[in-house]
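**Q** When you get a sec, could you give me coordinates for this:
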Amino acid sequence: MMEDKIFKFGRIPANTLLTILFYTGILPIMYQAFVFGRKVYLNNFIQTQVKEGNWYIGKEINNLPLGVLQGVIVFIISIIIWKVICELILIVVRYFEIKNSEIS
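**A** Numbers count the residues shown, from 1 in each chain. Modelled structure (predicted):
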């Protein structure tokens, strides 16, 4: 029943269309947040001490907690921005639906 509405143009309600658009948009946002977190992880280092023989030397390693934190923060902020954009699109679509129903 729902497949009939989705695959026919002009028959799908605005709420359903924007819900599909929102959840479809989450996938590229998730990918971009992962890529951003990975870049932060690979480009930021912390220095730890490693014992070699009788000496302690400093060794730089990638900063995994910073990369994960930055990726999560970018994901959350991007989802909020995407939700606001979808809500604005819904407001515009409802406005045109109301104006169209007044004319008819």
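**Q** Verify the contact between residue 26 and residue 82 for me.
**A** Yes - when contacts are counted by C-beta atoms under 8 Å, residue 26 is listed as touching residue 82 (7.4 Å). Where you see a C-beta, it was placed from the backbone N, CA and C, and this is true even at glycine.
**Q** Tally up the residues packed near residue 19, please.
**A** Around residue 19 there are 13 other residues, counting by other C-beta atoms under 10 Å.
**Q** Quick one: the helices in the chain, in order.
**A** For the chain, the helices defined by DSSP state H occupy 2-6, 14-43, 64-103.
**Q** For the residue nearest to the spatial centre of the chain, give me the pLDDT.
**A** With distances taken as C-alpha atoms, centre = their mean, the chain has residue 29 as the residue nearest its mean C-alpha position (2.8 Å). Residue 29 carries a pLDDT value of 97.
**Q** gap between it and residue 63?
**A** 23 Å (C-beta to C-beta, to the nearest Å).
**Q** Then residue 32?
**A** Distance from residue 32 to residue 63, by C-beta to C-beta: 20 Å.
**Q** Just want to know which of those two has more residues nearby.
**A** residue 63 (17 against 14).
**Q** Surely that one and residue 44 touch.
**A** Yes - taking C-beta under 8 Å as the definition, residue 63 is a contact partner of residue 44 at 4.4 Å.
**Q** Might you calculate how far stretch 30-38 sits from the centre of the chain?
**A** The chain centroid and the centroid of stretch 30-38 are separated by 9 Å under C-alpha atoms, centre = their mean, to the nearest Å.
**Q** Any chance you could list what contacts that stretch?
**A** With C-beta atoms under 8 Å, 6 or more residues apart in numbering as the contact definition, stretch 30-38 has outside contacts at 67, 68, 70, 71, 72, 74, 75, 78.
**Q** please redo it, this time with the cut-off set to 7 Å
**A** 67, 68, 70, 71, 74, 75, 78 (C-beta atoms under 7 Å, 6 or more residues apart in numbering).
**Q** ditto for stretch 18-26
**A** By C-beta under 7 Å, 6+ apart, stretch 18-26 touches 79, 82, 83, 86, 89, 90.
**Q** That's all I had, so thanks and see you.
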